[in-house]
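> Predicted model follows, preceded by the sequence.
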Amino acid sequence: MTIEKHTDNHLSQLLAYKRWMDLGIYEAVKQVQQNEKPELLRKALYYLNHLYIVDQIFQAHLMGRPHGFVSTESDTFPPVQELSELADSMDRWLIAYASTLTSEAGAERISFTFTDGAPGVLSRAEMLMHLVTHSLYHISVINNELAREKAVTSQVLLTTYHASIF
């Protein structure tokens, strides 16, 4: 897996870290065989799809457009390869977006509505940081499930990411 160094700002560095985590967990999940561990694969895809939905929702907030989701969860999801490609495209978009964000634009607070109807307000930078920490949390959950089933897990530590690219 080749990851580019992003040194233009801290947000793009964090989002490159998110992409590295996402690529790693997708590689681990792709090794789970449907016929051997169907429930493990279903759980992993459920969480990965949830992450992708949340990424799309916050992308819409950042762009000032409606997202069309009524929930951050779905019982149906694309196959792992397709979902992996969609997530990577989103990660690349997020990195590019963060790379162009000025300090002033990053501090701009945006009001939005959560899918449960609750109001929310975050700055653009906070939205991007939320996506990183949200991914770390759920990828850790997936890794725990993989480890419990003696399957391959992925790396998630920022220090491991840093050592792998510098």
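Cool, got the structure.
> For the rest of this, base every contact and every neighbour count on C-alpha atoms.
Will do.
> which SSE is N49 in?
helix 38-63 (DSSP states H and E).
> For that helix, buried residues please.
40-42, 44-59, 61-62 (16 or more other CA atoms under 10 Å).
> And it, what does it pack against?
helix 80-100, strand 109-113, helix 124-148 (3 or more CA pairs under 8 Å, 6 or more residues apart in numbering; DSSP states H and E).
> Name the helix or strand of the protein that has the lowest mean pLDDT.
helix 158-165 (a mean of 93; mean pLDDT, DSSP states H and E).
> what angle separates the helix holding N49 from helix 80-100?
30 degrees (axes from the mean of the first three to the mean of the last three CA atoms, to 10 degrees).
> will you turn the helices and strands packed on helix 38-63 into TSV that also has distance to S154?
Shown next, in TSV, are those (distance: least, CA to CA, whole Å):
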stretch	distance to S154
helix 80-100	14
strand 109-113	33
helix 124-148	7
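> Of the ones you listed, which is nearest Y17?
Smallest distance to Y17 across the helices and strands packed on helix 38-63 (CA to CA): 7.9 Å, for helix 124-148.
> name the element the closest residue in space to R92 that isn't next to it in sequence belongs to?
Sequence neighbours aside, R19 is the residue nearest to R92 in space, at 7.6 Å (criterion: CA to CA, 6 or more residues apart in numbering). In this assignment (DSSP H and E), R19 forms part of helix 10-30.
> Show me what counts as buried in that helix.
11-30.
> coming back round to it: pLDDT averaged over the helix holding N49, what's the number?
Average pLDDT, helix 38-63: 97.
> Need the per-residue pLDDT for the closest residue to A98 other than its chain neighbours.
Excluding the flanking residues, the one nearest A98 by CA to CA, 6+ apart is S12, at 5.1 Å. Note on S12: pLDDT of 95.
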